[in-house]
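**Q** got a predicted structure plus its sequence, pasted below:
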Amino acid sequence: MRITLVISTLDGGGAERVAANMANYWAAKGWGVIILTTDFGGQSSCYRLHPRVTHLDLGSPRFNDLPNDLQASAPIVRLINGCSQSERAVLIPLATEILKLQGAISRTEPEVVISYIDRTNVCVLTATRGLGLPVIVTEHCDQNENFIGAEWELLRRRLYPQASYVTVLTEEALDHFSSVAGIRGRVIPNAVTPPVFSSSDEMPQQKNGRLLLAMGRLDHEKGFDLLLHAFALVAERHPDWTLEILGEGPVRPYLESSVQRLGLAERVRLPGFTRRPFDAMRRADLFVLSSLDEGFPNVLLEAMACGVAVVSFDCPSGPRHIIRHGVDGILVPPRDAQAMAAALDRLMGDEAERKQLAAKAPEVAERFGSEKVMSMWEELVFDCVES
């Protein structure tokens with residue numbers, strides 16, 4: 001099987017990790033796998049890729065000589081001409097890049113194309129018009145909570161019925177598209193990747209006190225400002241606990257200033273992005289997810305797979321599908337810093353409850369294991385090829 005995965009970047013995001021994991025899984029089975037990034041500037045992947053995975057970037061010199069195929073571009077021109085003025089205002093400035101993307105996808109000679117994330121999906125579906133290729137587009141957030149812009153939403157609703165399938169992470173996400181005629185939807189959750197620890201660190205590093213761990217892109221929707229507020233409310237009651245937030249992103253300066261303003265400089269660390277999340281999770285005594293909204297959070301799956309007790313905001317979708325409240329984790333009302341503080345206070349002070357939750361947490365791998373989830377993906381891929 002030859003498959004091309006199209007995603008904007010391979011930086012430290014959740015969808016990017018999913019794409020890398022899928023590529024690695026199929027490459028290990030001997031499939032021909034290409035990851036085509038559209039906006040990564042020739043950078044290397046933040047995630048390790050199997051040696052058989054080929055990573056190409058649309059901006060690389062490899063694609064400078066793409067021919068200007070007027071016949072292939074005709075379906076794209078017809079699409080643009082048939083769009084509303086607001087839709088054309090989005091597509092026309094992107095026309096050159098879309099034509100380049102069309103040529104790049106054709107050059108990779110895939111049997112199936114898989115695209116990741118809303119705006120990239122729109123561009124891929126535009127670029128592949130007339131190519132006769134099966135295209136699967138994937139959504140990785142809660143569409144009911146993430147507005148991509150009126151013009152982009154119009155294009156998404158126009159083009160998604162063209163896809164062979166649209167995959168989403170939860171039934172709630174699928175409901176978002178129920179009013180769009182012609183969409184063939186499929187719910188496929190993210191898979192738990194087996195914990196892989198550093199071979200040079202067979203045992204967790206010695207640490208003083210207890211560690212509360214959070215992980216994710218330093219962006220508004222991850223709610224780390226609420227987490228800092230919640231931690232500040234209970235920090236004095238638990239002087240042996242430290243909060244560590246792993247990740248990188250645009251709100252780092254704001255979070256750093258918040259740490260100082262809340263008087264937490266000696267209690268909070270922001271070490272940056274890590275390529276070894278499992279090593280960090282193995283050091284944790286408790287994991288916290290403070291996101292305002294989520295798709296199907298990889299970090300939550302991975303923390304539980306590592307046998308760490310977890311507490312999370314009960315987002316409209318995502319964590320509630322993973323955590324069995326009171327069995328292997330704790331859910332608290334969304335965006336409620338006071339409720340998060342109360343849950344942290346209880347778990348930080350009760351080692352027995354943490355151990356009880358942690359003992360059940362690894363069962364997440366039975367519900368969302370790689371083999372189980374990837375078999376769903378393979379069934380979908382072969383359906384596309386054979387139809």
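**A** Received it, and whenever you're ready, just let me know what you need.
**Q** and E294, how far from I148?
**A** 16 Å (CB to CB, to the nearest Å). Every residue, glycine included, has its C-beta placed from N, CA and C.
**Q** more neighbours: which of those two?
**A** E294 (31 against 15; other CB atoms under 10 Å).
**Q** what count of nearby residues applies to the closest residue to that one other than its chain neighbours?
**A** Of all residues not flanking E294 in the chain, G318 sits nearest, at 3.4 Å (CB to CB, 6 or more residues apart in numbering). Per other CB under 10 Å, the neighbour tally for G318 reads 28.
**Q** how near is G318 to G295?
**A** 6 Å.
**Q** likewise V18?
**A** Relative to G295, and taking CB to CB, V18 is found at 9 Å.
**Q** next, show the common contact partners of these two.
**A** Between them, V18 and G295 share these contacting residues under CB atoms under 8 Å, 6 or more residues apart in numbering: H140, N190.
**Q** all helices of the stretch 251-387 of the chain, in order?
**A** Counting by DSSP state H, counting those that start in this stretch, the stretch 251-387 of the chain has helices at residues 252-261, 277-282, 298-305, 319-322, 337-348, 351-360, 364-367, 370-386.
**Q** re earlier: quick check: neighbours shared by G318 and G295?
**A** Joint contacts of G318 and G295 (CB under 8 Å, 6+ apart) are D142, L169, T170.
**Q** make a markdown table from those residues and add distance to A339, secondary structure and pLDDT to it.
**A** Output for the shared contacts of G318 and G295, formatted as a markdown table (distance: CB to CB, whole Å; DSSP: H, G, I helix; E, B strand; the rest coil; pLDDT from 0 to 100):
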| residue | distance to A339 | secondary structure | pLDDT |
| --- | --- | --- | --- |
| D142 | 20 | coil | 72 |
| L169 | 25 | coil | 93 |
| T170 | 23 | coil | 89 |
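**Q** any chance of these in TSV, plus distance to E351 and neighbour count?
**A** Shown next, in TSV, are these (distance: CB to CB, whole Å; neighbours: other CB atoms under 10 Å):
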residue	distance to E351	neighbour count
D142	34	24
L169	33	24
T170	33	20
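**Q** least confident secondary structure element in this protein?
**A** helix 70-82 (a mean of 82; mean pLDDT, DSSP states H and E).
**Q** helices or strands up against that one?
**A** helix 85-91, helix 95-108, helix 118-127 (3 or more CB pairs under 8 Å, 6 or more residues apart in numbering; DSSP states H and E).
**Q** wait, which of those helices is closest to R156?
**A** helix 118-127 (5.8 Å; CB to CB).
**Q** off-centre distance for the closest one?
**A** Taking CA atoms, centre = their mean, to the nearest Å, one finds helix 118-127 lying 17 Å from the centre of the chain it belongs to.
**Q** just the CA trace of it, in PDB.
**A** Extracted C-alpha coordinates of helix 118-127, given in PDB (Å, rounded to 0.1, in the frame of the first residue of the first chain):
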ATOM      1  CA  ASP A 118      -9.700  21.500   9.000                       C
ATOM      2  CA  ARG A 119      -8.000  24.100   6.800                       C
ATOM      3  CA  THR A 120      -5.400  21.700   5.400                       C
ATOM      4  CA  ASN A 121      -8.300  19.400   4.600                       C
ATOM      5  CA  VAL A 122     -10.000  22.100   2.600                       C
ATOM      6  CA  CYS A 123      -6.800  22.700   0.600                       C
ATOM      7  CA  VAL A 124      -6.200  19.000   0.000                       C
ATOM      8  CA  LEU A 125      -9.800  18.400  -1.200                       C
ATOM      9  CA  THR A 126      -9.400  21.400  -3.500                       C
ATOM     10  CA  ALA A 127      -6.000  20.200  -4.800                       C
END
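**Q** can you list the low-confidence ranges for the stretch 251-387 of the chain?
**A** In the prediction, the stretch 251-387 of the chain carries no residues with pLDDT under 70.
**Q** with the stretch 1-150 of the chain instead?
**A** Ranges of the stretch 1-150 of the chain meeting pLDDT under 70: 42, 67-72, 143-145.
**Q** can you pull the buried residues of stretch 124-139?
**A** 124-129, 133-139 (16 or more other CB atoms under 10 Å).
**Q** just stretch 32-50 next, same as before
**A** Residues of stretch 32-50 classed as buried by neighbour count (16+ other CB under 10 Å): G32, V33, I34, I35, L36, T37, T38, F40, S45, C46, Y47, L49.
**Q** likewise for stretch 93-103?
**A** L94, I98, L99, K100, L101, Q102, G103.
**Q** from those residues, which is closest to R282?
**A** R282 lies nearest to L101 out of these, by CB to CB, at 40.2 Å.
**Q** circling back to that earlier point, can I get the helices and strands packed on helix 70-82 in CSV including distance to A28?
**A** Listed next are these as CSV, based on distance: least, CB to CB, whole Å:
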stretch, distance to A28
helix 85-91, 38
helix 95-108, 19
helix 118-127, 25
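**Q** T54: which of those is closest?
**A** Comparing those by CB to CB, helix 95-108 comes nearest, at 8.4 Å.
**Q** OK, contacts around the nearest residue to N190 once chain neighbours are set aside?
**A** Leaving out its chain neighbours, the residue that sits closest to N190 by CB to CB, 6+ apart is F296, at 4.4 Å. Applying CB under 8 Å, 6+ apart to F296 gives the contacts H140, L169, T170, P189, N190, S317, G318, H321, I322.
**Q** and if you look at V192?
**A** L301, E302, M304, A305, V364, A365, F368, G369, S370 are the contacts of V192 under CB under 8 Å, 6+ apart.
**Q** now with 7 Å?
**A** L301, E302, A305, V364, A365, F368, G369, S370 (CB atoms under 7 Å, 6 or more residues apart in numbering).
**Q** so what's it bridging to?
**A** With DSSP bridges as the criterion, V192 is bridged to G369.
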